[in-house]
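Peer 1: sharing a sequence plus its predicted fold:
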Amino acid sequence: MDWSDSWRGAFRIELRAEAMGLAWRGWPVLPGTYPAGSQWAGRDGVQEDGPVPVHRDWADRIGTKPEQVAAWWTGRRYSLLVATGYVVDAIEVSADLGRRVASVLRTTGVVVPIAATPAGNWLFLIQSGQELGSELAARGDVLLHGRDSWIPLPPTPFQHGVVHWRVKPEVCGWALPDSQVVQEAIVEATRPDLAELLDASQQLVAVDRSF
């Protein structure tokens with residue numbers, strides 16, 4: 001076994017362990033496709049444009065027991081997906097907006113699990129069951145993942161990188177915040193005056209770190 005095979009095996013084990021951990025917490029875990037032409041590609045389960053559920057009847061598999069979840073990742077490096085609309089929902093925004101929202105949340109002392117994708121989007125994980133308010137629903141840069149959707153979670157591979165945690169669920173004791181809390185932070189972060197202030201602040205931090 002060469003190094004690449006060893007690395008691939010270790011990565012599959014990591015995906016499997018993360019999937020089992022979420023399943024034991026009651027999160028609806030699903031196996032997803034993985035990038036074609038990458039070190040994760042295999043004979044099946046390949047997807048060019050981002051991970052989607054491997055099984056066409058994925059909605060019927062929600063609530064699968066951890067033992068079966070473990071079997072899904074035996075011998076396969078499937079992406080790690082979680083079906084939304086049951087235990088967890090997610091609000092997806094661009095990385096730029098995500099940083100501003102995270103800054104607003106920090107000022108209020110609210111800790112929210114945040115995952116970031118290599119495609120440049122941030123996912124704020126929230127409690128299920130609440131729709132976007134009219135102000136955010138009208139925006140094209142804010143997407144709610146609720147019923148009949150899913151999200152990729154770390155360490156899901158994309159064509160050019162992997163999904164990673166900006167804030168791990170352990171930091172907030174796996175207690176997901178109410179959707180309204182995050183929505184209010186997004187509204188605040190999109191105010192023109194505050195957006196400019198937060199952007200300037202982030203640029204100063206970046207300059208400071210460059211020295």
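Peer 2: Looks like it arrived, so ask away. What you see is a predicted model, and the numbers here were worked out from it, not measured in a lab.
Peer 1: with adjacent residues omitted, what lies nearest to Trp24?
Peer 2: Pro66 (5.1 Å; CB to CB, 6 or more residues apart in numbering). Using the backbone N, CA and C atoms, a C-beta is placed for each residue, glycine as well.
Peer 1: what's the answer for Leu105, then?
Peer 2: Nearest one to Leu105, counting by CB to CB, 6+ apart, is Ala185 at 5.0 Å.
Peer 1: now what about the lengthiest helix in the chain, what contacts it?
Peer 2: Ranked by number of residues, the top helix in the chain under DSSP state H is helix 3-24. With contact meaning CB atoms under 8 Å, 6 or more residues apart in numbering, helix 3-24 is reached by 1, 29, 31, 39-40, 64-66, 69-70, 72-80, 82, 153-157.
Peer 1: just stretch 154-164 next, same as before
Peer 2: So stretch 154-164 is contacted by 11, 14-15, 18, 32, 34-35, 37-38, 40, 48, 50-51, 77, 79-81, 115-119, 152-153, 165 (CB under 8 Å, 6+ apart).
Peer 1: next one: stretch 108-116
Peer 2: Outside stretch 108-116, the residues that reach it (CB under 8 Å, 6+ apart) are 90, 95, 98, 102, 105, 122-126, 151-154, 163-169, 171-172, 176-177, 181-182, 185.
Peer 1: please narrow those to those residing in helices.
Peer 2: Checked against DSSP H, those include these in helices: 95, 98, 102, 105, 181-182, 185.
Peer 1: closest to Leu132 out of the residues you listed?
Peer 2: Val182 (10.3 Å; CB to CB).
Peer 1: give me the beta-bridge partners of the closest residue to the closest one other than its chain neighbours?
Peer 2: Of all residues not flanking Val182 in the chain, Phe124 sits nearest, at 5.0 Å (CB to CB, 6+ apart). Beta-bridge partners for Phe124, by DSSP bridges, are Ile91, Ile114.
Peer 1: wait, isn't Phe124 in contact with Leu97?
Peer 2: No: Phe124 lies out of contact with Leu97 (CB atoms under 8 Å); the separation is 10.4 Å.
Peer 1: which one's more surrounded, the two?
Peer 2: The neighbour comparison of Phe124 against Leu97 (other CB atoms under 10 Å) goes to Phe124, with 27 against 20.
Peer 1: and that one, how far from Pro35?
Peer 2: Here Phe124 is placed at a distance of 25 Å from Pro35 (CB to CB, to the nearest Å).
Peer 1: got the contact list for Ala83?
Peer 2: 28, 30, 58-59, 62, 149-150.
Peer 1: likewise Ala95?
Peer 2: Here Ala95 is in contact with 116, 120-122 (CB under 8 Å, 6+ apart).
Peer 1: now the residues you listed in a markdown table, with distance to Ser134 and neighbour count?
Peer 2: A markdown table is the format used below for these (distance: CB to CB, whole Å; neighbours: other CB atoms under 10 Å):
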| residue | distance to Ser134 | neighbour count |
| --- | --- | --- |
| Ala116 | 27 | 19 |
| Gly120 | 26 | 10 |
| Asn121 | 23 | 17 |
| Trp122 | 22 | 22 |
